[in-house]
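Asks: Just a sequence and a predicted model for now, questions to come.
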Amino acid sequence: MRRLPRSAWHAATVASVRPETSQSARIELDVDGWPGNAAGQHLDVRLTAPDGYTATRSYSIASSGPSSRVVLAVDRVPGGEVSPFLVDELRAGDQVEVNGPLGRFFIWEAPGADVSDAPNAPDAPDVSDAANASDAPDARDASRPVQLVGGGSGIVPLYAMAHAHAEAGDDTEFRLLYSVRTPEDTFFRAELAQLAVNGPGRAGGIRIDLIYTRAAPTGHERPPMRLTRDEVARLVVPAERAPRVFVCGSTGFAELVASWLLDLGHDARSIRIERFGGT
Ligand SMILES: Cc1cc2nc3c(=O)[nH]c(=O)nc-3n(C[C@H](O)[C@H](O)[C@H](O)COP(=O)(O)OP(=O)(O)OC[C@H]3O[C@@H](n4cnc5c(N)ncnc54)[C@H](O)[C@@H]3O)c2cc1C
């Protein structure tokens with residue numbers, strides 16, 4: 001049985017920083033001694049100022065597998081202490097420290113990987129979260145469909161899962177429901193379009209439903225507005241089919257979607273939630 005790699009602090013060199021959207025950046029790090037990570041895990045980035053002041057924030061990892069090249073996608077939170085620096089100031093060659101990989105509940109691995117939930121200290125599971133608290137064995141049942149639900153930058157760990165699923169040529173049914181402000185705000189836009197080409201019926205394929213909240217592309221059948229409960233009922237794999245559901249986004253988004261899922265009959269043990277903060 002494969003165990004999740006243990007987390008530790010590592011020195012990292014920024015390999016590249018480029019715009020992901022107008023408000024965000026894709027950051028590639030070369031991490032010394034990185035043990036690899038499962039799709040959906042995150043890490044902590046620690047910045048240290050010349051006067052010794054440090055600031056640490058968590059970021060999901062968009063990449064997965066054994067590579068020591070780790071990909072992040074960071075949204076600029078206006079007035080934030082760390083994210084504007086990462087998006088606007090960080091440059092290739094800069095050094096940061098990262099602690100990871102973290103997270104043993106919010107992960108997806110191809111069937112057969114059989115990931116153990118062995119301790120991965122010091123990462124604390126989201127035990128305050130009823131939907132995350134149970135790690136029932138059936139939550140890892142490979143034959144069950146997988147439903148990803150993301151809002152904004154909450155796509156990052158879900159993209160890692162969808163990409164890992166495609167790379168593995170896995171034939172689990174995969175769907176993504178992604179709520180984003182405008183087409184231009186879509187993270188991994190080209191990559192998601194490429195993943196969707198295969199469609200849900202093919203190995204490694206995925207069905208992607210995009211929900212635009214502020215502006216939709218010309219000809220889009222749905223007017224821009226927030227995701228609704230009815231849309232979740234219509235677009236998420238129904239509870240009767242017992243999907244494993246991964247929800248990620250701002251705290252407000254994740255909690256609202258989780259409450260709708262429970263309302264729609266989804267088993268709390270089948271829902272995994274990652275909250276990015278904010279409302
Ligand atoms: C497990 C985990 C994974 C994460 N992964 C990502 C990721 O992949 N990409 C990413 O961009 N962010 C991610 N985040 C959020 C990230 O950790 C920071 O919270 C975010 O970058 C803001 O940090 P800051 O220092 O700029 O803002 P702060 O100085 O910490 O906060 C400034 C203000 O913004 C509010 N705020 C904090 N976080 C958010 C937020 N996410 N949205 C809206 N308002 C917020 C605060 O309440 C505060 O009022 C993740 C968070 C967690 C817990």
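Replies: Okay, I see it.
Asks: Paired strands for the top strand by length along the chain, with orientation please.
Replies: In the chain, taking DSSP state E as the definition, the longest strand is strand 8-21. Partner strands and pairing direction for strand 8-21 (DSSP bridges) are strand 24-31 (antiparallel), strand 95-102 (antiparallel).
Asks: Output those strands as TSV; include the columns mean pLDDT and distance to Gln41.
Replies: For the C-beta atoms, the positions are set from N, CA and C on the backbone; glycine is no exception. What follows is those, written out as TSV (pLDDT from 0 to 100; distance: least, CB to CB, whole Å):
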stretch	mean pLDDT	distance to Gln41
strand 24-31	98	13
strand 95-102	98	4
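Asks: Those: which one's closest to Arg275?
Replies: strand 95-102 (14.1 Å; CB to CB).
Asks: residues in contact with that closest one?
Replies: Contact with strand 95-102 is made by 4-5, 7-14, 29, 31, 34-38, 41-48, 56, 58, 61, 70, 90, 120, 123, as judged by CB atoms under 8 Å, 6 or more residues apart in numbering.
Asks: So which residues on the stretch 1-150 of the chain come close to the ligand?
Replies: Taking CB under 6 Å from any ligand atom, the part of the stretch 1-150 of the chain that reaches the ligand is made up of 42, 57-60, 73-75, 77, 79-83.
Asks: What's the separation between the most far-flung residue of the chain relative to its centre and the ligand?
Replies: Taking CA atoms, centre = their mean, the residue of the chain most remote from its mean C-alpha position is Asp51, at 33.4 Å. As judged by CB to the nearest ligand atom, to the nearest Å, Asp51 and the ligand stand 18 Å apart.
Asks: which residue ranges form the strands in the stretch 51-200 of the chain?
Replies: With strands called from DSSP state E, counting those that start in this stretch, the stretch 51-200 of the chain shows them at 54-60, 69-75, 95-102, 115-116, 146-151, 174-180.
Asks: which ones are touching the closest residue to Pro19 other than its chain neighbours?
Replies: Nearest residue to Pro19, sequence neighbours excluded (CB to CB, 6 or more residues apart in numbering): Ala25, at 6.0 Å. Ala25 makes contact with 17-19, 73-74, 76, 86-88, 90, according to CB under 8 Å, 6+ apart.
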